[in-house]
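>>> I'll drop the sequence and a predicted model, then ask my questions.
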Amino acid sequence: MDENIRHNLIDAGCDDEFIEQFDACLCDKKQCERMLAAHRRILLDEVHAKEHCISCLDYLVFMMKKEVDLK
């Protein structure tokens with residue numbers, strides 16, 4: 001596997017197992033694309049979960065400020 005590809009996969013948060021599987025299927029471009037798409041979905045789900053947590057915190061801060069303003 002090209003070192004640039006390996007480094008890019010590491011930078012994208014892929015673990016050693018994923019990288020080995022990706023390396024094994026490099027001759028099958030469609031399989032590689034499916035693997036990358038699946039990993040992307042996982043990362044995007046994590047982003048959405050964190051966005052939800054941030055929204056909850058923002059709402060809590062909003063409610064606390066609103067309560068202080070009412071006093």
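Looks like it arrived, so ask away.
>>> whichever strand or helix holds residue 40 packs against which elements?
Element membership of residue 40 [criterion: DSSP states H and E] is helix 29-70. Secondary structure elements in contact with helix 29-70, counted by 3 or more Cβ pairs under 8 Å, 6 or more residues apart in numbering; DSSP states H and E, are helix 16-24. To be clear about C-beta, it is placed using only N, CA and C from the backbone, and glycine gets the same treatment.
>>> so which bits of the helix it packs on are buried?
Of the residues in helix 16-24, those with enough neighbours to count as buried (16 or more other Cβ atoms under 10 Å) are 18, 22.
>>> hang on, the earlier thing: now the helix holding residue 40, how far from the chain's geometric center?
Going by Cα atoms, centre = their mean, to the nearest Å, the spacing between the C-alpha centre of helix 29-70 and its chain's C-alpha centre is 10 Å.
>>> could you check the angle that helix makes with helix 16-24?
Here the directions of helix 29-70 and helix 16-24 differ by 150 degrees (axes from the mean of the first three to the mean of the last three Cα atoms, to 10 degrees).
>>> list the contacts of residue 59.
Contact criterion Cβ atoms under 8 Å, 6 or more residues apart in numbering gives no residues in contact with residue 59.
>>> same deal with residue 13?
For residue 13, the contacting residues are 39, 43, taking Cβ under 8 Å, 6+ apart as the criterion.
>>> quickly note the distance from it to residue 44.
12 Å (Cβ to Cβ, to the nearest Å).
>>> likewise for residue 66?
Counting by Cβ to Cβ, the gap from residue 66 to residue 44 is 32 Å.
>>> give me the low-pLDDT residue ranges for this protein?
Within the chain, the segments meeting pLDDT under 70 span 71.
>>> right, I'll call it a day here.
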